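Trainee: Okay, structure incoming, though there's no sequence with it:
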């Protein structure tokens, strides 16, 4: 504490005499991180900040870009697309950031992307979205480190759906749910499974009992919960209480680490889903072990799936900066496009046409945590190796 | 196939009834407080949430569902007493919008305080062992816990009715609601009555929160939806009418369930359609005039 105070004093003094620029030689590499710190995804957003800070710290401790250090500028986009656009504008115009990473909903990341696209600033988005890959929204400066609904549903569907199976959907009535349902419908058709019905519910529903008799009456083999966060855990919990879990397999596209912790073991037991990251990957990849160890040392517990995305995005960005030897946007874009990286979960690369991170998808199943490790809540059932096979083709996305 | 449809319809109807019973429990405290005090308690949802968190907190020290079931409404009622005595009471006689604005703001404060203490993220709450699983009713499997909630609702309503209609204290409450001035002239300390009514109303809200925790887990925002439902039910039933709250709660639950059966997209909207219709035809609500006191 004392040394911090002293340094603050020295820095103030230095800037007062106008020597700070002389000391620092050059500007730091500034990375803007707009995430929804306030609002329903606050817990996930905070973990994204923690993880992004780890990536920056790691880069700086390794000497930065020939001594030029990186700096993270965290902003709250309040999960509001208008706010996200304003934060992105401020970051670019006032704070003069070199790059932007962030976004934790399909709508905020699209509005941030609109700004960065126009200003020709690199933006790596870290939340599920199909639209951001499509030609209409995509740009040379847009990168997508998170999974997208299409690849998620392809991975899960191919694992779970079998020929002749009956599939029912409980879908949250907005972009996220619709994109997931669309993806699952496509796999079902490919595999030869039958979609026997879909019930849509408004975002933020807290009692699902009235939908459950009808879902049960569809007699599905698999019930897919195409919803997110609290909606996901409340609907899964109540469907379990109505005895549906004994009759059918529960599946959800994104099985969230944080939602599972909020709902407890009982509600999620036996539920199958996909994830971009689970800490247990450390037994397979040294990079995962490295991230977990750093996280454990700095904070407590393990990085969450959405949190780790922020680490992966910032780290791949800084790898490209090092590769390019400069922060010049055009050169870093070229470096990112040709980068083959393993930041925290095994090999990845950005596909040329839509800049989607081609990466592994984990199929995980929720379980009761053993007494000696309360964070051991998932079992990795399958790891779908990185493949463009589960992505929509470049032609389908509208690229020529 | 026909017998199957009939069974499904039966299950759907029963689900609606069960949901309605939970709605009644949420709305009855709000209606009681308005009927007696003419205070529109916008913090009702926050008291609901506080009940759930008090239960969660207590359970760490007394891991017994039944002990907490008794303690939670009492403790939430105590919070209600403090709120009435020091915040609401100074505003009596100033018009209905003063306590409305106060409780509106208070609701936000309570949610933020809970966020500071327990965090933003939701917390898991399990169903007590004795009430786990589903029982086979004549129409199909139904969660035992929801049946239990219905039973508690019936008991609470029965106790409330006996208390208000059959005790001398209840007589004073009814008299106080009709003409507080005369009651005061007769030498009754009306402010004490109001304090107790406020405590009972908020205590029931806390109980409802505690009971719904195993259904949906707990989160600081869990009261927001409840407040909306409680208001719709109270407005449909008639502000301040207990029997209105009961009939309207069941009605809203059944209509929502039937809507989910016929056209799921309309399920959540259905309660607002009912409210709009009732307000058009009977602006005072179904039982608006012939309330508890008449």
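Mentor: Yes, it's here. Bear in mind the structure is a predicted one, so any value in this text is a computation, not a measurement. Numbers count the residues shown, from 1 in each chain, chains lettered A, B, ... in the order given.

Trainee: got a list of what residue A:358 touches?
Mentor: The neighbourhood of residue A:358, defined by C-beta atoms under 8 Å, 6 or more residues apart in numbering or on different chains, consists of A:348-351, A:386-388, A:391. The C-beta positions use only the backbone N, C-alpha and C, and glycine is treated the same way.

Trainee: in the sheet, who's paired with it?
Mentor: Beta-bridge pairing for residue A:358 (DSSP bridges): residue A:349.

Trainee: count of residues packed around residue B:263?
Mentor: Counted with other C-beta atoms under 10 Å in any protein chain shown, residues neighbouring residue B:263 total 11.

Trainee: any idea how far it lies from residue B:255?
Mentor: Per C-beta to C-beta, to the nearest Å, residue B:263 is found 12 Å from residue B:255.

Trainee: Now do the same contact list for the closest residue to residue A:183 other than its chain neighbours.
Mentor: Excluding the flanking residues, the one nearest residue A:183 by C-beta to C-beta, 6 or more residues apart in numbering or on different chains is residue A:153, at 3.0 Å. By C-beta under 8 Å, 6+ apart, the residues touching residue A:153 are A:180, A:183-184, A:186-187, A:253.

Trainee: where along chain B do the strands fall?
Mentor: B:134-137, B:140-143 (DSSP state E).

Trainee: could you pull out the strands for the stretch 51-200 of chain A?
Mentor: A:70-76, A:99-102, A:122-125, A:142-144, A:166-172, A:194-201 (DSSP state E, counting those that start in this stretch).

Trainee: of the ones you listed, which approaches residue B:284 most closely?
Mentor: Closest approach to residue B:284 among those is made by strand A:194-201 (32.6 Å; C-beta to C-beta).

Trainee: What is the helix or strand following the closest one packed up against?
Mentor: Next helix or strand after strand A:194-201 toward the C-terminus (DSSP states H and E): helix A:212-217. Under the contact criterion of 3 or more C-beta pairs under 8 Å, 6 or more residues apart in numbering or on different chains; DSSP states H and E, helix A:212-217 touches strand A:194-201, helix A:229-241, helix B:2-37, helix B:242-262.

Trainee: Given the first one, what are its sheet partners and their directions?
Mentor: Right, the one you point to is strand A:194-201. Applying DSSP bridges, one finds strand A:194-201 paired with strand A:166-172 (parallel).

Trainee: The strand it pairs with vs helix A:229-241, what angle?
Mentor: Comparing the axes of strand A:166-172 and helix A:229-241 via axes from the mean of the first three to the mean of the last three C-alpha atoms, to 10 degrees yields an angle of 140 degrees.

Trainee: what's strand A:166-172 in contact with?
Mentor: Contact with strand A:166-172 is made by A:161, A:177-178, A:180-181, A:184, A:188, A:193-203, A:208, A:211, A:215, A:218-228, A:231, A:235, A:239, A:248, as judged by C-beta under 8 Å, 6+ apart.

Trainee: Selection in ChimeraX covering whichever of the contacts of residue A:358 are buried, please.
Mentor: Only the buried entries of those go into this ChimeraX selection, using 16 or more other C-beta atoms under 10 Å in any protein chain shown:
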select /A:348,349,350,351,386,391
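
Trainee: what's the most distant pair in the contacts of residue A:358?
Mentor: Checking the contacts of residue A:358 with C-beta to C-beta, the most distant pair is A:350 and A:387, at 14.4 Å.

Trainee: Provide a complete list of residue ranges assigned to helices in chain B.
Mentor: B:2-37, B:44-61, B:65-83, B:97-118, B:144-166, B:168-178, B:180-185, B:190-216, B:222-237, B:242-262, B:270-281 (DSSP state H).

Trainee: Give me the buried stretch members for the fifth one, please.
Mentor: Going back to what we said before, that points to helix B:144-166. Buried-residue list, helix B:144-166, by 16+ other C-beta under 10 Å: B:145-150, B:152-153, B:156-157, B:160, B:164.

Trainee: near chain A, from those?
Mentor: Restricting the buried residues of helix B:144-166 to those near chain A by C-beta under 8 Å from any C-beta of the partner chain leaves B:145-146.

Trainee: Look up how far residue B:214 lies from the residue in the stretch 151-300 of chain A that chain B sits nearest to.
Mentor: Closest residue of the stretch 151-300 of chain A to chain B, C-beta to the nearest C-beta: residue A:264 (2.9 Å). Residue A:264 is 10 Å from residue B:214, where distance means C-beta to C-beta.

Trainee: Get me the contact residues on the stretch 101-250 of chain B for chain A.
Mentor: B:119-127, B:133-134, B:140-143, B:145-146, B:215-217, B:219, B:221-222, B:225-226.

Trainee: Which one of residue A:264 and residue B:214 is surrounded by more residues?
Mentor: More neighbours surround residue B:214 than the other of residue A:264 and residue B:214, with 26 against 20 (other C-beta under 10 Å).
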